[in-house]
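Student: okay, predicted coordinates and the sequence, questions at the end:
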Number of protein chains: 2
Amino acid sequence: MSRANLRDVAERAGVSVRTVSNVVNAPEVVAPATRERVQRAIEEMGYRPNIAARQLRRGRGDVIGLVVPEIDSPYFAELAAHVVRAAEELGWTVLVEQTDGDPARERDLLDGARGHGVDGVVFSPWALTPAEVSRRAGAPPVVMLGEQAGFGHVDRVAIDNQAAAREATAHLVATGRRRIAAVGLQPHLSNETARHRLAGYREALAAGGLPPEAALEVPVDRLHHADGVRATESLLSLPAPPDAVFCFTDQLALGALRACADRGLRVPDDVALVGFDDIEAGRYSVPALTTVAPDKQRLAELALTTLGERMADRSLPGRDLVVPHRLVVRESAPA
Amino acid sequence: MSRANLRDVAERAGVSVRTVSNVVNAPEVVAPATRERVQRAIEEMGYRPNIAARQLRRGRGDVIGLVVPEIDSPYFAELAAHVVRAAEELGWTVLVEQTDGDPARERDLLDGARGHGVDGVVFSPWALTPAEVSRRAGAPPVVMLGEQAGFGHVDRVAIDNQAAAREATAHLVATGRRRIAAVGLQPHLSNETARHRLAGYREALAAGGLPPEAALEVPVDRLHHADGVRATESLLSLPAPPDAVFCFTDQLALGALRACADRGLRVPDDVALVGFDDIEAGRYSVPALTTVAPDKQRLAELALTTLGERMADRSLPGRDLVVPHRLVVRESAPA
DNA sequence: TACCCAGTTTGCAACGTTGCAATGCCACGT
DNA sequence: ACGTGGCATTGCAACGTTGCAAACTGGGTA
């Protein structure tokens, strides 16, 4: 026996299909007695609305897509948790897609090649340029997370990465560090986020009267622990190694921590470390990470409400929303 | 102008609706000339199939649900990444739901209260008893991840938790530890996984001629870093503190690491630590975690192929599949 | 010339739901 | 007895797609 549908229930309850639909969607318009009878029939037959039919008829499915480079990076995992929770609050369900930071995949997913039938998309780009994002048509509305500027009818929600990086670096300057490295540039990608963090880092150096030094700006392939280890090893092998490292993600910073330990260097005594993202693991590492903490919950909530508003009116101009962040000072770069 | 549909395209290309559908779904049956003309029309109009309509007609949507306690726990995040990748391989999309380990929410989600129109569910229970899982009807097929035994028409995929815990503990015994604690019991939940790991722990103690000791079996509320810190602090305050701690998750172990550091104890010299899950962060902590590594990729793949088989034939008996694991010996409990 | 076959294309109906507008019902006031 | 208004219920059509089976096409064969 297949799944019961409205007609089956209606027949059983001795009412019209429409009334059953009303009981499901607007119980208050149905007379109590009828409502109860229908409810019973629904339960007896184990009726569940057919979402596809509802979506076809209503024109929306209350499903949104979350497109991230990799769901298993702690930052994105934590963000996803917030997004899923916020979405549930709004009556939406979240469909997750991974791009692996591959520009081609980002493009495909954005074009809706796979983000099948979602009403909207929260997109965390890694390598896609703003121009590419804006030339999509017909696809569902998109909210961008990250540093890509709002464009056309695309909204953007992010923290002020440049300011955050500036503050993080300034903290190192203020606590007496003089050779401050930056780890996490991604020159091979048009990663706007990394670009802004680098800019903030340089600003703080300049403000502190410290000269920029190419050798202290270390590019990485990806943003994982292993990349942090490698980058830090190379920094520590320098003739004049740094006395502080600003990593563009906490994962990189945890890798840096590991690399320092392997060299017998003490953090923060010999080298101070600052991370970015405030992931859970950085709160419990030894030493705990000083880091930039974006308000991830706000980020998720704002992204979703913005998406909702755009779904309601797709002709809105692209908005550019900033979420607060703060520098959390812990052991790896104390006050 | 709304989104183009098959009829719009058909009109433009001068063919029937059905032919356009054929071009989209079975290009090989359409004559090359026609196909090309239709293709052009499709592109010109930016046609995208309406997934809801397709799903309604076909009776399936190629969407599966992934239900986990929390997507931001590293273990689940890594698992989710594998599931999403494996699903993509099979042409499916993944919808993520979080239960927060709340039995009521687990029940609701399992009942399909929210798992909107998914064709199947990969369910990682935290607290639901097997009996509760089996009395679902009408809802989509489910594959359980974890220690709940396969039941009725529900499949299960998991590692052998008891054997894994036994091996982990045996490693500590073999390397000369004599007071081995276990952290991670969840007596307040019917958490089968924790139960099995505890059983394996006790077996290894017995095999090593070590007496079990209630004070060394520490329950936790949740399985996060903070719980590991708390549990370890209480252990280290014992009149006779342990010389090794087996944590039921790597997150707990990282918390334990932190707690040891705060006490000025050295790992592994003073206290050896073993974790469980082999999360990325444990590979780069200082010291790196000795841990049980489940084959997460196999786990995900097997879960999905099993789910696929059950979708194809829902009358199959419940299967109980075991995925390999291995003990990874690192610095926190060296050989 | 009639016929047949393979390769293409087509029309019809149905999937299960909800928007819309109309209908039925009943109590109340006149 | 009759009209009125409000509440409850209903029928119809449509959302966009695909399964099914029929219909058409052209060239080859009997």
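Tutor: Alright, I've got the coordinates. These numbers were taken from a predicted model, which means no experiment stands behind them.

Student: show me which residues of stretch A:55-75 are buried.
Tutor: By neighbour count with 16 or more other CB atoms under 10 Å in any protein chain shown, stretch A:55-75 contains the buried residues A:55-56, A:60-75. From N, CA and C alone the C-beta is placed, and that goes for glycine too.

Student: can you give me the strands in the stretch 201-335 of chain A?
Tutor: Taking DSSP state E, counting those that start in this stretch as the test, the strands found in the stretch 201-335 of chain A are A:217-219, A:244-247, A:272-276, A:290-294, A:320-323, A:325-328.

Student: and the ones you listed, which one is worst for confidence?
Tutor: Note on those: lowest mean pLDDT is at strand A:320-323, with a mean of 93.

Student: check which residues of it are buried.
Tutor: A:321, A:323.

Student: got a list of what A:P27 touches?
Tutor: Taking CB atoms under 8 Å, 6 or more residues apart in numbering or on different chains as the contact definition, A:P27 lies against A:R35.

Student: got the phi and psi for it?
Tutor: Main-chain torsions, A:P27, degrees, to the nearest 10: phi -50, psi -30.

Student: ok, now A:V63?
Tutor: Here A:V63 shows phi and psi, under degrees, to the nearest 10, equal to phi -120, psi 130.

Student: end-to-end on stretch A:25-38?
Tutor: Using CA to CA, to the nearest Å, the span of stretch A:25-38 from its first residue to its last is 12 Å.

Student: what comes up buried for that stretch?
Tutor: For stretch A:25-38, burial by neighbour count (16+ other CB under 10 Å) applies to A:30, A:34-35, A:37-38.

Student: how about the helices in the stretch 1-150 of chain A?
Tutor: Under the criterion DSSP state H, counting those that start in this stretch, helices of the stretch 1-150 of chain A are mapped to A:6-13, A:17-25, A:32-45, A:51-58, A:74-89, A:103-110, A:130-134.

Student: what helices and strands are in contact with the first one?
Tutor: Counting contacts by 3 or more CB pairs under 8 Å, 6 or more residues apart in numbering or on different chains; DSSP states H and E, helix A:6-13 is packed against helix A:17-25, helix A:32-45.

Student: got the contact list for the first one?
Tutor: Residues outside helix A:17-25 that contact it (CB under 8 Å, 6+ apart) are A:6-7, A:9-10, A:13, A:29-30, A:34-35, A:38-39, A:41-42, A:49.

Student: how about it, does it get close to DNA strand D?
Tutor: Yes: against DNA strand D, helix A:17-25 shows contacts by CB under 7 Å from any atom of the strand at A:17-19, A:22.

Student: does that helix come close to DNA strand C?
Tutor: Yes: counting by CB under 7 Å from any atom of the strand, DNA strand C has neighbours in helix A:17-25: A:17-18, A:21, A:24-25.

Student: would you mark the buried spots in that helix?
Tutor: Across helix A:17-25, burial judged by 16+ other CB under 10 Å covers A:19-24.

Student: could I get these as TSV with pLDDT and distance to A:D250?
Tutor: Formatted as TSV, the buried residues of helix A:17-25 follow (pLDDT from 0 to 100; distance: CB to CB, whole Å):
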residue	pLDDT	distance to A:D250
A:T19	95	56
A:V20	96	52
A:S21	96	50
A:N22	95	51
A:V23	95	50
A:V24	94	46
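
Student: what is the nearest of those to B:R319?
Tutor: Ranked by distance to B:R319 (CB to CB), these are led by A:V24 at 35.2 Å.

Student: how near is the closest one to chain B?
Tutor: 13 Å (CB to the nearest CB, to the nearest Å).

Student: same question for A:R222.
Tutor: Applying CB to the nearest CB to A:R222 and chain B gives a distance of 12 Å.
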